[in-house]
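1. sequence and predicted structure below; questions after.
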Amino acid sequence: MPTADFVTGLKCRVCGKLYPKAPINFCTDDFGPLEVAYDLDRARQVLGRDKIARRPRAMWRYRELLPLDGEPSVGPQVGCTPLIRADRLADALGVDRLWIKNDAVNFPTLSFKDRVVAVALSKAREFGMRTVGCASTGNLANSVAAQAAQAGLDTVILVPADLEKAKIFGTAVYGAKVISVTGTYDEVNRLCTQIALKYGWGFVNVNLRPFYAEGSKSMGFEIAEDLGWRFPQHVVCPMAGGALVGKIHKAFTELHATGLVSQPVTTKMWGAQATGCNPISDCVKSNRERHKPVRKPDTICKSLAIGDPADGYFAAKLIRDSGGWAEDASDDEIVDGMLLLARTEGVFAETAGGTTVAVARKLIEAGRLPRDEEIVLCVTGNGLKTQDAVFEAVERPAVIKPSLAAFEELAGVVGEPVLA
Amino acid sequence: MPITVQVPTPMREQAGGKAEVAVAGATVRAALDDLVRQYPGLAPKLFDGGKLRPYVNVFVNDEDIRYLDEMDTAVADGQTIALIPAVAGG
């Protein structure tokens, strides 16, 4: 694969000022977020559906629209997760056509964060960084730790101290230096900004954030390609920092701009949060321009528990402008959503997936999400990491002695024998 | 002991290269007014039309002023005001 770099630089999303490629995440004039800009006209000349189809099934098949100078050196096998036609869940929700984009089985750490980390750490290496890190609600920590181990980078990972055990363990197991901070995610995040500014390490969601966030676009590229190079009418996305919903939409916009999909982007974007931490859905529902931060998130959905989302403003604006809406789900509704997804589609998603299913159900029942149009639900993480959330809601197995009589005593298990 | 304002790296050029500046004032607003009086070059970075820019977060002793009394948050000698870029995380 020849290297081809179509990145023109970093652009401030507030004032439009251009910056050269560097490990910076904000405009030095107004502190607005920086986003990677591409020469899409030039990319259009080299990209084609056939060319992409011949490449390996991994997120890098869309490499011209990802921000690396050269070959990806971290995470070569990430992405290209299944897009599942979810007919049984569709029946349960009362809609005609439904798909699950299943990043619960993303490689290597079972969440969509593997995509963003593959880009961020490949970029960190291009910048010559030796130490990388992140502020994380769990999934990101797992992915940075695993992929940094593969890349031989030193890692410093800061997480809120009240995180699920499985997520802390699933970070430390890779040899990462994990620091539990007695505070909310937003406090951890603020501390990481201070550390990144002082020490110059590669914090994937701080100074590498413009590059990192671009990795999420691959989820959008894959949805469109797997639908036969077209866009769904609706995408429902969980929201923590609020970047993913925007990047999936940006992916669609770039597919159209580069001629890979001729259909203009009319997809409506829908956002899902937990009621115990709902700054973005509250912002949409109350028609405020900017979100009100949540000081103390209180939800079982810890992976979405960001009280002051960096992309809150942009996510709320996109959701409104695209014609979508946002909603939030209670802890009980989240558990019901996890069980419904598991029992109709055989997909065990983490709490964020339960949130997405629960919110989709509420939006459908409220008449906002049309029952007769194409809907894609984004499942971004794996239920094995948040088992505690559903443990009490799942029936324990019956325990019997190893005898046929004991088995036959179980009510409701035994039917008519086939042999006399 | 005065109030200390911690200045992030990208603002230091306009703050005479300093990482910390001593200021006076009874509220965050008064303290930041004093900061801008000492270093006028910081004004357009911190404020737009007299309002704090949306992507600058202000912390008093590590607490975000949006959870306190915003710009009217009281500050006292010995306390630290940190100016921190907001676009991180997620």
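-> That came through, no problem.
2. quick check: closest non-adjacent residue to the residue of chain B found nearest chain A.
-> Nearest residue of chain B to chain A: B:Gly90, at 1.6 Å (CB to the nearest CB). Yep, even glycine has a C-beta here, placed from its N, CA and C like the rest. Of all residues not flanking B:Gly90 in the chain, A:Gly241 sits nearest, at 1.6 Å (CB to CB, 6 or more residues apart in numbering or on different chains).
3. where along chain A do the strands fall?
-> Under the criterion DSSP state E, strands of chain A are mapped to A:7-12, A:18-19, A:34-38, A:83-85, A:97-102, A:131-135, A:154-160, A:177-181, A:202-203, A:234-238, A:268-274, A:326-329, A:374-379.
4. just put those in CSV and tack on mean neighbour count and mean pLDDT.
-> Supplementary listing: these in CSV, determined by neighbours: other CB atoms under 10 Å in any protein chain shown; pLDDT from 0 to 100:
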stretch, mean neighbour count, mean pLDDT
strand A:7-12, 19, 97
strand A:18-19, 14, 97
strand A:34-38, 20, 97
strand A:83-85, 17, 98
strand A:97-102, 23, 98
strand A:131-135, 28, 96
strand A:154-160, 22, 96
strand A:177-181, 16, 96
strand A:202-203, 30, 96
strand A:234-238, 28, 98
strand A:268-274, 29, 98
strand A:326-329, 27, 98
strand A:374-379, 26, 98
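5. out of the ones you listed, which is closest to chain B?
-> strand A:131-135 (5.6 Å).
6. and that closest one with chain B, contact?
-> Yes. Contact of strand A:131-135 with chain B (CB under 8 Å from any CB of the partner chain) involves A:Ala135.
7. what sits up against that strand?
-> Residues from elsewhere that reach strand A:131-135 (CB atoms under 8 Å, 6 or more residues apart in numbering or on different chains): A:120-121, A:124, A:140-141, A:144, A:148, A:153-159, A:185, A:188-189, A:191-192, A:195, A:199, A:201-206, A:208, B:88-89.
8. turn the buried ones among these into a named ChimeraX selection, would you?
-> With 16 or more other CB atoms under 10 Å in any protein chain shown as the criterion, this ChimeraX line picks the buried residues out of those:
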select /A:120,121,124,140,141,144,148,153,155,156,157,158,159,185,188,189,191,192,195,201,202,203,204,205,206,208 /B:88,89
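9. quick one: residues contacting A:Asp103.
-> So A:Asp103 contacts A:Thr81, A:Ser111, A:Phe112, A:Arg115, A:Met219, A:Cys378, A:Val379, A:Thr380, A:Gly381 (CB under 8 Å, 6+ apart).
10. export these as CSV, with columns for distance to A:Lys250.
-> As requested, these are exported to CSV (distance: CB to CB, whole Å):
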residue, distance to A:Lys250
A:Thr81, 19
A:Ser111, 20
A:Phe112, 15
A:Arg115, 14
A:Met219, 11
A:Cys378, 14
A:Val379, 20
A:Thr380, 17
A:Gly381, 21
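11. how about those residues in a markdown table, adding distance to chain B?
-> Below are the contacts of A:Asp103 laid out as a markdown table (distance: CB to the nearest CB, whole Å):
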| residue | distance to chain B |
| --- | --- |
| A:Thr81 | 20 |
| A:Ser111 | 13 |
| A:Phe112 | 12 |
| A:Arg115 | 13 |
| A:Met219 | 15 |
| A:Cys378 | 15 |
| A:Val379 | 18 |
| A:Thr380 | 12 |
| A:Gly381 | 14 |
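12. closest to A:Cys27 out of the residues you listed?
-> Distance ranking of those against A:Cys27, using CB to CB, places A:Arg115 first at 25.2 Å.
13. tell me the contacts of that closest one?
-> By CB under 8 Å, 6+ apart, the residues touching A:Arg115 are A:Met59, A:Val78, A:Gly79, A:Asp103, A:Asn106, A:Gly215, A:Ser216, A:Ser218, A:Met219.
14. surely the third one meets A:Ala58?
-> This points to A:Gly79. Yes. Using CB atoms under 8 Å, A:Gly79 is in contact with A:Ala58, at 5.2 Å.
15. comparing those two, which shows the higher neighbour count?
-> Neighbour count, other CB atoms under 10 Å in any protein chain shown: between A:Gly79 and A:Ala58, A:Gly79 has more, with 24 against 19.
16. and that one, backbone torsions?
-> phi 90, psi -170 (degrees, to the nearest 10).
17. and the closest residue to it other than its chain neighbours, how many neighbours?
-> What sits nearest to A:Gly79 in space, not counting adjacent residues and going by CB to CB, 6+ apart, is A:Met59, at 2.9 Å. Residues lying near A:Met59 (other CB under 10 Å) number 28.
18. ok, A:Met59 - contacts?
-> A:Met59 neighbours (CB under 8 Å, 6+ apart): A:Leu66, A:Gly75, A:Val78, A:Gly79, A:Cys80, A:Arg115, A:Ala118, A:Gly215, A:Ser218, A:Phe221, A:Glu222.
19. A:Leu10: which of the contacts of A:Arg115 is nearest?
-> The closest of these, once distances to A:Leu10 are taken by CB to CB, is A:Gly215, at 15.4 Å.
20. thought the closest one was touching A:Leu121?
-> No. Contact criterion CB under 8 Å: A:Gly215 and A:Leu121 do not qualify, at 10.1 Å.
21. export the strands of chain A to JSON lines and tack on distance to A:Leu227?
-> Listed next are the strands of chain A as JSON lines, based on distance: least, CB to CB, whole Å:
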{"stretch": "strand A:7-12", "distance to A:Leu227": "27"}
{"stretch": "strand A:18-19", "distance to A:Leu227": "34"}
{"stretch": "strand A:34-38", "distance to A:Leu227": "23"}
{"stretch": "strand A:83-85", "distance to A:Leu227": "7"}
{"stretch": "strand A:97-102", "distance to A:Leu227": "8"}
{"stretch": "strand A:131-135", "distance to A:Leu227": "32"}
{"stretch": "strand A:154-160", "distance to A:Leu227": "36"}
{"stretch": "strand A:177-181", "distance to A:Leu227": "39"}
{"stretch": "strand A:202-203", "distance to A:Leu227": "35"}
{"stretch": "strand A:234-238", "distance to A:Leu227": "11"}
{"stretch": "strand A:268-274", "distance to A:Leu227": "15"}
{"stretch": "strand A:326-329", "distance to A:Leu227": "23"}
{"stretch": "strand A:374-379", "distance to A:Leu227": "8"}
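22. looking at these, which is nearest to B:Tyr39?
-> For B:Tyr39, the closest of these is strand A:7-12, at 22.6 Å, according to CB to CB.
23. spatially nearest residue to A:Arg55 (excluding sequence neighbours)?
-> Leaving aside its chain neighbours, A:Arg55 sits nearest to A:Arg61 (3.9 Å; criterion: CB to CB, 6+ apart).
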